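**Q** requesting a structural model of the entry that follows:
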Amino acid sequence: MARGGGGFGGGGFGGGGFGGGGFRGGSSSFRSGSMRSSGRPFGRTGAHRSVSRSPRGRNYNRSHHGYYGGWYRPWYHQYYWFWGYPYRPWYYSPVYMGGGFFLFIIALLIIIPLFGLLVVPYPGNDASSSGVVIYRDTQTLNYNEYWFESENIPSGSTIEYEMQSQSPVTFLIWDQPFENFPTTSGTRTGNYQKIFTVLGDHDYEYLGYFLRPGDRLEIDFEISLQNEVEFFIADADALNRWNNWETITPEKSETGIGNYSVSFTAPYAQDWYLVWYNFGSSSAQVDMSVSYTVAAIDYTQADVVKENTDFVPKDSFTALNSGNWYFFIYFDPFVNPAESVDITFVVSFDTQVTSNDRWVDTSPLLMFIGLIIIIILAVAIYQRRSAKKNKPVTTVGSIDATQTKITESKQLGLSSASKCHRCSYKYNANETYCKNCGAKLMGRDYGLSLKTTPFGSTNCINCKEKLHLDDIFCSNCGVKVEQN
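**A** Numbering: from 1, shown residues only. Just a heads-up that it's a prediction; the model follows:
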């Protein structure tokens with residue numbers, strides 16, 4: 001989003017700066033954001049990285065793949081005897097109907113390793129058979145940011161590049177990080193002069209510069225047409241609040257007519273605005289002259305410099321030494337007045353390290369890991385066999401004797417301590433129903449017979465079980481015994 005609108009016109013005049021104007025309370029907005037107090041730009045990375053591979057494997061594009069003449073039938077269109085054709089479709093074949101579960105297990109054993117190869121990085125996955133790495137992407141840069149990517153390449157390798165953007169940026173190639181570029185005070189100097197008219201009724205005009213700490217502006221201006229105008233200097237955040245009718249404390253402020261000379265040194269990095277505000281009813285004329293002395297990033301050490309351009313045609317560069325080589329795309333806020341810019345770039349590095357080389361370099365580590373796994377498995381097998389050898393042997397006779405003792409003890413305990421869950425009457429282990437209340441002692445009670453055994457009978461009328469004189473119910477079937 002560009003800053004302001006109207007007024008002086010586009011940015012970049014006199015080597016830097018941008019102008020505009022409007023009415024206070026209007027829709028104009030001014031570029032503001034968080035940044036380092038020193039003004040050093042932020043770096044971003046993470047573009048799409050690809051490698052060129054030889055024409056083989058599953059990703060190889062065969063231009064005529066899938067086309068066959070009328071006389072040729074692919075193998076998967078032929079009908080084999082084990083498919084059951086023509087008697088039934090292939091998917092009713094016994095190999096699928098009867099062995100589906102086993103085929104599913106086999107498919108898992110095949111699919112899981114393949115999935116692991118796709119997800120888990122492996123040696124050489126970031127290299128190609130030719131050793132060329134390509135960065136191709138479209139990204140958005142905010143003001144005072146730069147994009148970078150790097151690769152470790154040997155001396156004599158080739159770096160090919162091309163770039164385009166919406167508005168001017170700086171393209172660089174160097175063998176050091178961006179932070180190593182020095183910021184030199186007083187690198188940029190210039191002067192801008194303009195005569196303009198500020199309309200009445202809360203109209204304002206502004207001139208803005210991106211300044212770092214210590215940058216200086218010398219402003220000389222004359223206000224004529226006998227109408228007082230307020231002049232002040234503020235950063236972007238303060239000017240946005242002022243435009244919304246909030247009260248601010250500007251860095252510099254002058255009100256009146258006539259000639260004025262103002263010097264300003266930036267206390268921190270930000271966009272700084274020189275504003276002429278006409279709160280009267282009639283127009284005023286301003287004749288101004290601004291001289292600036294500002295710091296700039298020194299690119300002279302870079303090997304490739306394409307400064308303040310929106311298009312870099314395809315070209316190449318040969319690395320002068322081995323090591324990490326970087327490319328940078330820098331959005332200089334002193335030159336470009338935009339809020340953000342879209343960039344598109346294609347940069348390729350010839351690393352001269354193929355995927356086979358990566359496998360060879362990694363093979364000692366893989367062999368070491370494999371050796372550790374073999375040792376662990378051998379120790380586990382040895383411990384397992386030792387445990388089996390040392391396990392005490394128990395004879396069948398001792399087991400039978402032990403089980404017999406346990407069974408007998410359980411039966412004795414049951415017969416001596418078991419009680420009916422309804423009336424707490426003690427019963428023996430061979431009894432099914434309680435002789436006192438008729439409740440079933442174990443299992444579900446499905447109901448009793450409506451018959452009753454006459455008093456004095458020695459056997460149950462229902463099941464012929466022998467009865468005792470004090471039995472109230474039959475212990476075998478639960479039939480009630482009549483009492484005198």
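
**Q** from now on I want contacts and neighbour counts done on CA atoms only, so please keep to that.
**A** Noted.

**Q** where does the prediction get shaky in this protein?
**A** 1-16, 52-103, 113-130, 226, 354-363, 366, 388, 391-417, 446-448 (pLDDT under 70).

**Q** ok, now with 50
**A** Within the chain, the stretches with pLDDT under 50 are 1-14, 53-72, 74, 77, 79-87, 96, 395-399, 401-402, 404-416.

**Q** restricting to C-alpha, output stretch 469-483 in CSV.
**A** C-alpha atoms of stretch 469-483 as CSV (Å, rounded to 0.1, in the frame of the first residue of the first chain):
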residue,chain,number,x,y,z
LEU,A,469,-36.0,-85.1,59.0
ASP,A,470,-34.9,-81.4,59.4
ASP,A,471,-34.9,-80.6,55.7
ILE,A,472,-37.4,-77.8,54.7
PHE,A,473,-36.5,-77.9,51.0
CYS,A,474,-34.9,-80.5,48.7
SER,A,475,-31.2,-79.7,48.3
ASN,A,476,-31.2,-81.1,44.8
CYS,A,477,-34.2,-79.5,43.1
GLY,A,478,-35.5,-77.0,45.7
VAL,A,479,-39.0,-78.5,46.1
LYS,A,480,-40.6,-77.6,49.5
VAL,A,481,-41.1,-80.3,52.1
GLU,A,482,-44.3,-80.1,54.1
GLN,A,483,-43.9,-79.5,57.8
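
**Q** buried residues in that stretch?
**A** By neighbour count on 16 or more other C-alpha atoms under 10 Å, the buried set for stretch 469-483 is 471-481.

**Q** export the residues you listed to JSON lines and tack on secondary structure?
**A** Formatted as JSON lines, the buried residues of stretch 469-483 follow (DSSP: H, G, I helix; E, B strand; the rest coil):
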{"residue": "471", "secondary structure": "coil"}
{"residue": "472", "secondary structure": "coil"}
{"residue": "473", "secondary structure": "strand"}
{"residue": "474", "secondary structure": "coil"}
{"residue": "475", "secondary structure": "coil"}
{"residue": "476", "secondary structure": "coil"}
{"residue": "477", "secondary structure": "coil"}
{"residue": "478", "secondary structure": "coil"}
{"residue": "479", "secondary structure": "coil"}
{"residue": "480", "secondary structure": "strand"}
{"residue": "481", "secondary structure": "strand"}
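
**Q** of those, closest to residue 240?
**A** Residue 240 lies nearest to residue 478 out of those, by C-alpha to C-alpha, at 98.3 Å.

**Q** make sure the closest one is actually in contact with residue 436.
**A** No: between residue 478 and residue 436 there is no contact under C-alpha atoms under 8 Å: 9.9 Å.

**Q** tabulate the buried residues of stretch 469-483 in CSV, adding columns for distance to residue 107.
**A** Below are the buried residues of stretch 469-483 laid out as CSV (distance: C-alpha to C-alpha, whole Å):
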residue, distance to residue 107
471, 70
472, 70
473, 66
474, 65
475, 62
476, 60
477, 60
478, 61
479, 64
480, 67
481, 71
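
**Q** now the element after the helix or strand hosting residue 195, going C-ward?
**A** In this assignment (DSSP states H and E), residue 195 forms part of strand 183-198. Going down the chain from strand 183-198, the next helix or strand is strand 203-211, by DSSP H and E.

**Q** who's in contact with that next one?
**A** Contact partners of strand 203-211, identified using C-alpha atoms under 8 Å, 6 or more residues apart in numbering, comprise 7-8, 16-24, 198, 266, 268-279, 294-295, 333-334.

**Q** from the chain's centre, how far out does that strand sit?
**A** Its chain's C-alpha centre and that of strand 203-211 lie 40 Å apart, by C-alpha atoms, centre = their mean, to the nearest Å.

**Q** next helix or strand past it?
**A** Following strand 203-211 toward the C-terminus (DSSP H and E): strand 216-224.

**Q** quick one: contacts of that next one?
**A** Residues outside strand 216-224 that contact it (C-alpha under 8 Å, 6+ apart): 229, 256-266, 284-294.

**Q** spit out the contact partners of the residue nearest to residue 425 when sequence neighbours are not counted.
**A** For residue 425, ignoring the flanking residues on the chain, the nearest one in space by C-alpha to C-alpha, 6 or more residues apart in numbering is residue 419 at 5.3 Å. Residues near residue 419 by C-alpha under 8 Å, 6+ apart: 425-427.

**Q** mark which of those residues are buried, thanks.
**A** Burial by neighbour count, 16+ other C-alpha under 10 Å: within these this picks out 426-427.

**Q** narrow the contacts of residue 419 to those in helices?
**A** Using DSSP state H, no member of those falls within helices.

**Q** residue ranges of each domain in this structure, please.
**A** 39-47+83-181+298-383, 183-297, 418-483 (the TED database).

**Q** mind listing what's buried in stretch 452-465?
**A** Those would be 452-453, 459-462, for stretch 452-465 by 16+ other C-alpha under 10 Å.

**Q** please apply the same query to stretch 428-441.
**A** 428, 431-441.

**Q** make TSV out of those and add distance to residue 222 and secondary structure.
**A** Formatted as TSV, those follow (distance: C-alpha to C-alpha, whole Å; DSSP: H, G, I helix; E, B strand; the rest coil):
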residue	distance to residue 222	secondary structure
428	123	coil
431	123	coil
432	121	coil
433	121	strand
434	122	coil
435	125	coil
436	124	coil
437	122	coil
438	122	coil
439	118	coil
440	117	strand
441	116	coil
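
**Q** show me what the nearest residue to residue 348 once chain neighbours are set aside is bridged to.
**A** Closest residue in space to residue 348, ignoring its immediate chain neighbours: residue 134 at 4.2 Å, by C-alpha to C-alpha, 6+ apart. Judged by DSSP bridges, the bridge partners of residue 134 are residue 50, residue 348.

**Q** residue 134: neighbour count?
**A** 19 (other C-alpha atoms under 10 Å).

**Q** wait, it touches residue 51, no?
**A** Yes: if you go by C-alpha under 8 Å, residue 134 and residue 51 touch, sitting 6.0 Å apart.

**Q** CA atoms only for the helix or strand where residue 305 lies - export them in CSV, please.
**A** Assigned by DSSP H and E, residue 305 falls within strand 304-318. Coordinates of the C-alpha atoms in strand 304-318 are reproduced here as CSV (Å, rounded to 0.1, in the frame of the first residue of the first chain):
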residue,chain,number,x,y,z
VAL,A,304,26.7,-8.9,-8.5
VAL,A,305,24.8,-5.7,-7.9
LYS,A,306,21.6,-4.8,-9.7
GLU,A,307,20.5,-1.7,-7.8
ASN,A,308,17.0,-0.2,-7.8
THR,A,309,15.5,-2.1,-10.7
ASP,A,310,12.3,-4.0,-11.3
PHE,A,311,13.7,-6.4,-13.9
VAL,A,312,16.9,-8.5,-14.0
PRO,A,313,17.3,-10.5,-17.2
LYS,A,314,18.7,-14.0,-17.2
ASP,A,315,22.4,-14.0,-16.6
SER,A,316,25.1,-16.1,-14.9
PHE,A,317,28.0,-15.7,-12.5
THR,A,318,31.0,-17.9,-11.7
